[in-house]
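Colleague: Provided below are the primary sequence and the corresponding predicted coordinates.
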Amino acid sequence: MTVRGCGIRDIAAITGYSKDKVQAALKRHEFEPFPKQKHYPTLEIDEFWTFVGNKSNKVWLVYAYHRESGEIVAYVWGKRDLATARALKRRLKELRVTYDRIATDDWAAFLNVFSNEE
């Protein structure tokens, strides 16, 4: 249901389960993408924020996106900081994903982590 844009409250209302039970189930069955390719000509790195529980608990999703296929190649959750950008680069290495070019906005953490390619 989350793929269709349903939030936790929507799922709880539809299924009759409590919000807490729905959230616990989603945590247990976290989606983990598996790249469809091992090499991508260009990956876009971007981020967006959401909140967990209440609006003061902001978290960031930082992800690598392949525009041509619409595929989310890898992602990590964290703060909007250098450590999270590094975690995404580590995740790409763990998945053995290679690329020719990275496209980012001018966020300093992205520039720091992805402009110094080996």
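Modeller: Nice, I can see it.

Colleague: pLDDT wise, what is F114 at?
Modeller: We have a pLDDT of 86 for F114.

Colleague: Report the beta-bridge partners for the residue nearest to it when sequence neighbours are not counted.
Modeller: The spatial neighbour of F114 that comes closest, neighbours along the chain excluded (Cβ to Cβ, 6 or more residues apart in numbering), is I102 at 4.4 Å. Placement of C-beta: from N, CA and C, glycine included. When assigned by DSSP bridges, I102 has beta-bridge partners L43.

Colleague: repeat for F51
Modeller: Here F51, judged by DSSP bridges, has bridge partners K58.

Colleague: contacting residues for it?
Modeller: The neighbourhood of F51, defined by Cβ atoms under 8 Å, 6 or more residues apart in numbering, consists of 57-59.

Colleague: And for Y40?
Modeller: 66, 73, 97-100.

Colleague: Can you say which of these are buried?
Modeller: The neighbour-count test (16 or more other Cβ atoms under 10 Å) marks 66, 73, 97, 99 as buried among those.

Colleague: need the helices for this protein, in chain order.
Modeller: Residue ranges of the helices in the chain, as given by DSSP state H, are 8-15, 19-28, 82-94, 108-114.

Colleague: if we can go back for a sec, closest one of the contacts of Y40 to A12?
Modeller: Of all those, the one sitting nearest A12 is V73; the distance, using Cβ to Cβ, is 31.2 Å.

Colleague: Grab the nearest non-local neighbour of that closest one.
Modeller: With Cβ to Cβ, 6+ apart as the measure, A64 is the residue that lies nearest to V73, at 4.4 Å, once sequence neighbours are left out.

Colleague: Might one say that that neighbour is in contact with E47?
Modeller: No - counting by Cβ atoms under 8 Å, no contact exists between A64 and E47, whose distance comes to 10.7 Å.

Colleague: which one of these two has more residues nearby?
Modeller: Neighbours were counted for A64 and for E47 using other Cβ atoms under 10 Å; A64 has more, 26 against 20.

Colleague: give me every residue that touches that one.
Modeller: Neighbours of A64 in contact, by Cβ under 8 Å, 6+ apart: 43-45, 72-75, 88, 92, 97.

Colleague: What does the pLDDT read for the residue of the chain most remote from its centre?
Modeller: Of all residues in the chain, G16 has its C-alpha farthest from the mean position, at 28.7 Å, by Cα atoms, centre = their mean. G16 is assigned a pLDDT of 86 by the prediction.
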